[in-house]
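kindly return the folded structure for what I paste below:
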Amino acid sequence: MSAARLGRYQACDRCRTRHIRCNRRSANESCIACKNAKATCCRERKTIFYKTQCAPAEPRRTTLPDERPEIIVGQDPTDHTPSVEVDSVGFSVLSESSLSSLSSPESYGDLMTNVSTSPGTQDSSIVQGDFISPEGLDKLPWPLESQFEASLLKYFLKTLSPWFDYCDPQQHFRTYVGNNSASDITLLYAVLAVSARHQSTSHHWQSRVADEYQQRCLRSLIAALNDQEKTLPDTILASAAILRFFEEMTETPEESVRTHHMLSAQLLLRITEGHVFRSSFTDAAFLVVLRSEIYVANLTQRPIGNLADHCNIDTSLEPTSECMWALRAIAHVAKATNLAYGGDSVKTTPNHHWESLMQYIVDWERLCPESFRPIYSQKQISSTNPFPQLYYANDYHVAARQHIELAKVLLLASNPQSCLLRMQQRRIGRSNDDRIRDSVRVICGVAMSNPEFTQALVGAGLVIAVCGELFDDPVETKLLFQLLSDAEAHIGWPCLKAKEHLRGLWRV
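As a prediction, the model looks like this:
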């Protein structure tokens with residue numbers, strides 16, 4: 001792709017609304033991003049919302065997210081596209097000029113939509129005051145006056161906060177967002193943005209409301225970051241971490257790597273350096289970023305870097321809390337990812353470093369508390385499901401087992417052993433591929449056996465996308481494909497083209 005962003009009259013609508021680079025050069029040519037997404041590549045004028053059917057002005061009502069409003073798209077002759085500046089070390093820097101051309105609040109002045117109601121009732125219209133609050137307020141009125149915005153906040157607390165609070169017994173994000181949304185408009189805009197985006201993805205809405213909330217949040221973030229005279233509240237870090245999740249739902253991981261996150265992990269680190277007081281919440285925020293980095297880095301085959309060093313994780317094997325044992329497993333996957341994709345700067349030989357990482361796994365399994373063993377296990381879930389059945393008590397037990405197995409997969413796949421040793425393993429019928437398949441089966445079995453911990457789907461979807469080509473048994477591949485489909489639907493992130501690639505490979 002070209003290193004420079006195309007002019008605003010060249011980039012296609014899909015790339016422009018996602019703020020990513022577009023290589024479309026003519027009206028008859030599709031860009032790579034649209035080809036990968038199998039989407040129509042076109043360049044129209046900027047869209048706004050308009051009402052296509054007259055409806056009585058009274059009574060008006062707001063809509064809850066599960067009512068799925070159908071937003072109709074029209075044309076507007078204006079065009080506003082934010083840009084991202086990239087600094088010399090290769091990650092994005094937000095500036096006031098980056099957002100100087102974002103859509104003004106007036107562009108939503110005519111925001112209206114048709115609302116699906118129960119059969120036999122007449123559609124009612126929703127205007128700006130009911131749908132989205134006006135911009136320019138220091139804080140939104142509390143209680144919220146918009147039922148739609150209130151429902152988005154509830155959606156985050158109920159549906160999305162468990163993703164952020166995975167392996168966090170204190171549930172920092174749910175508690176923090178619930179306590180601070182009333183007083184911090186930046187945090188509230190971040191929550192409204194990610195909730196609207198997740199619902200539009202899972203319910204297949206056509207909605208630009210999420211983009212508007214994102215732009216408002218970014219403006220507020222920039223204003224706070226430009227104020228060098230006061231220490232930043234940790235709501236800034238919370239907002240940035242939530243918006244980063246928004247970005248990953250907006251564009252594919254492949255596109256994120258090529259264009260860099262506007263709110264990259266490195267930028268979040270810079271936000272905290274000398275500006276944000278470190279607390280248990282900042283540690284929880286960086287754990288969220290680390291988990292998403294592990295997911296994206298392995299799908300795009302790139303190293304993570306030293307992000308795990310900033311998460312305040314005790315990586316020794318000394319006695320500690322059960323939750324910290326799980327965090328050790330997550331941090332170890334980051335190290336294994338760096339080794340697998342060439343991002344490890346350890347000054348030792350590859351063999352020695354690989355052996356030390358593998359030995360850490362052996363020692364972790366030997367020294368971890370007994371509660372990390374499954375409370376029940378059997379070789380397969382049922383006669384039609386050959387994956388192992390493993391019951392666990394808590395989400396951090398589930399996460400620990402999945403991440404330890406994922407670390408094994410990454411290390412086995414990048415084993416620097418000699419060709420002679422690999423041939424000897426095959427002769428005895430126990431190659432690295434066999435051991436990798438065993439670990440994949442455990443990760444998937446854990447997800448299937450513990451459906452109450454829905455975040456385990458993410459771990460299963462990741463390892464299937466990375467290692468699915470090693471499986472050819474139709475019984476297994478059918479179950480793996482269904483699990484991958486469920487994972488993609490749950491997280492709202494596209495898994496690159498893994499699903500379609502494996503569909504063709506497995507013929508399912």
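
ok, now which ones touch L390?
374, 376-377, 401, 442, 445-446, 449-450 (Cβ atoms under 8 Å, 6 or more residues apart in numbering). Heads up, the C-betas are built off the backbone N, CA and C, glycines and all.

what are the buried residues along the host helix or strand of A196?
A196 is located in helix 185-202, with elements delineated by DSSP states H and E. By neighbour count on 16 or more other Cβ atoms under 10 Å, the buried set for helix 185-202 is 185-201.

farthest pair in the contacts of L390?
Between any two of the contacts of L390, the greatest separation by Cβ to Cβ is 14.5 Å, found for Y376 and V442.

what is the burial count for S239?
For S239, the neighbour count with other Cβ atoms under 10 Å is 29.

that one against L187, yeah?
Yes. With contact defined as Cβ atoms under 8 Å, S239 reaches L187; the gap is 5.0 Å.

quick one, what contacts the closest residue to C31 other than its chain neighbours?
Nearest residue to C31, sequence neighbours excluded (Cβ to Cβ, 6 or more residues apart in numbering): R24, at 4.0 Å. When contacts are counted by Cβ under 8 Å, 6+ apart, R24 touches 6, 10-12, 15, 30-31, 34, 41, 43.

run through the helices of the stretch 401-508 of the chain in chain order.
419-427, 432-449, 456-467, 474-491, 498-506 (DSSP state H, counting those that start in this stretch).

of those helices, which is nearest R208?
Proximity to R208 (Cβ to Cβ) singles out helix 474-491 among these, at 22.1 Å.

pull out the buried positions in that closest one.
476-477, 479-481, 483-488, 490-491.

other SSEs contacting that helix?
With contacts taken as 3 or more Cβ pairs under 8 Å, 6 or more residues apart in numbering; DSSP states H and E, helix 474-491 sits against helix 432-449, helix 456-467, helix 498-506.

point out the most buried one among these.
Most buried of the helices and strands packed on helix 474-491, by mean neighbour count (mean count of other Cβ atoms under 10 Å): helix 456-467, with a mean of 24.

pull that one out as CSV, backbone CA atoms only.
Provided in CSV are the C-alpha atoms of helix 456-467 (Å, rounded to 0.1, in the frame of the first residue of the first chain):
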residue,chain,number,x,y,z
ALA,A,456,-12.9,-18.4,26.6
LEU,A,457,-14.4,-18.3,23.1
VAL,A,458,-11.8,-15.7,22.2
GLY,A,459,-8.9,-18.0,23.1
ALA,A,460,-10.4,-20.8,21.2
GLY,A,461,-11.1,-18.7,18.1
LEU,A,462,-7.5,-17.4,18.1
VAL,A,463,-5.8,-20.8,18.3
ILE,A,464,-8.2,-22.2,15.7
ALA,A,465,-7.3,-19.4,13.3
VAL,A,466,-3.6,-19.9,13.9
CYS,A,467,-3.5,-23.7,13.9
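
what comes into contact with that helix?
Residues outside helix 456-467 that contact it (Cβ under 8 Å, 6+ apart): 294-295, 298-299, 395, 398-399, 402-403, 405-406, 409, 413, 436-437, 439-440, 443-444, 446-448, 450, 480, 483-484, 486-488, 490-491, 495-496, 498-499, 502.

kindly recompute the last result at 7 Å.
Residues from elsewhere that reach helix 456-467 (Cβ atoms under 7 Å, 6 or more residues apart in numbering): 295, 298-299, 398, 402, 406, 409, 436, 440, 443-444, 446-447, 450, 480, 483-484, 486-488, 490-491, 495, 498.

in the lengthiest helix in the chain, which residues are buried?
The single longest helix within the chain, with elements called by DSSP state H, is helix 280-300. Residues of helix 280-300 classed as buried: 281-300 (neighbour count, 16+ other Cβ under 10 Å).

and C34, that one's in a helix?
Yes. Checked against DSSP: H, G, I helix; E, B strand; the rest coil, C34 lies within a helix.

contacting residues for the closest residue to it other than its chain neighbours?
Once flanking residues are discounted, C34 sits nearest to C41: 3.7 Å by Cβ to Cβ, 6+ apart. Residues in contact with C41 (Cβ under 7 Å, 6+ apart) are 12, 14, 24, 30-31, 34.

so which of those residues is the closest to R216?
Set against R216, the nearest of the contacts of C41 by Cβ to Cβ is R14 (22.1 Å).

just to confirm, which helix or strand has that closest one in it?
Going by DSSP H and E, R14 is in helix 13-17.

what's the burial count for K139?
Neighbour tally, K139, other Cβ under 10 Å: 12.

what's the pLDDT at it?
For K139, the pLDDT comes out at 79.

touching, it and I185? I think so.
Yes. Counting by Cβ atoms under 7 Å, I185 is a contact partner of K139 at 4.8 Å.

can you lay out the helices of the stretch 401-508 of the chain as TSV showing distance to S161 and mean pLDDT?
Output for those, formatted as TSV (distance: least, Cβ to Cβ, whole Å; pLDDT from 0 to 100):
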stretch	distance to S161	mean pLDDT
helix 419-427	45	56
helix 432-449	20	95
helix 456-467	15	92
helix 474-491	14	88
helix 498-506	27	84
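
need the ones you listed in CSV with distance to N338, can you?
What follows is the helices of the stretch 401-508 of the chain, written out as CSV (distance: least, Cβ to Cβ, whole Å):
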stretch, distance to N338
helix 419-427, 23
helix 432-449, 19
helix 456-467, 15
helix 474-491, 23
helix 498-506, 22
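
how about these, which one is nearest E149?
helix 474-491 (23.8 Å).

who touches the closest one?
Contacts for helix 474-491 (Cβ under 7 Å, 6+ apart): 202, 385-387, 444, 447, 454, 457-458, 460-461, 464-465, 468, 471, 494-495, 498-499, 502-503, 506, 508.

kindly export that helix (C-alpha atoms) in CSV.
The C-alpha trace of helix 474-491 is given here as CSV (Å, rounded to 0.1, in the frame of the first residue of the first chain):
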residue,chain,number,x,y,z
PRO,A,474,-14.2,-34.1,9.6
VAL,A,475,-15.7,-34.6,13.1
GLU,A,476,-13.1,-32.2,14.6
THR,A,477,-13.1,-29.7,11.8
LYS,A,478,-16.9,-29.3,11.9
LEU,A,479,-16.8,-28.5,15.6
LEU,A,480,-13.7,-26.2,15.2
PHE,A,481,-15.4,-24.2,12.5
GLN,A,482,-18.6,-23.7,14.6
LEU,A,483,-16.4,-22.6,17.5
LEU,A,484,-14.5,-20.2,15.4
SER,A,485,-17.8,-18.8,14.0
ASP,A,486,-19.1,-18.3,17.6
ALA,A,487,-15.9,-16.6,18.6
GLU,A,488,-16.1,-14.1,15.8
ALA,A,489,-19.7,-13.3,16.5
HIS,A,490,-19.0,-12.9,20.2
ILE,A,491,-16.1,-10.5,20.1
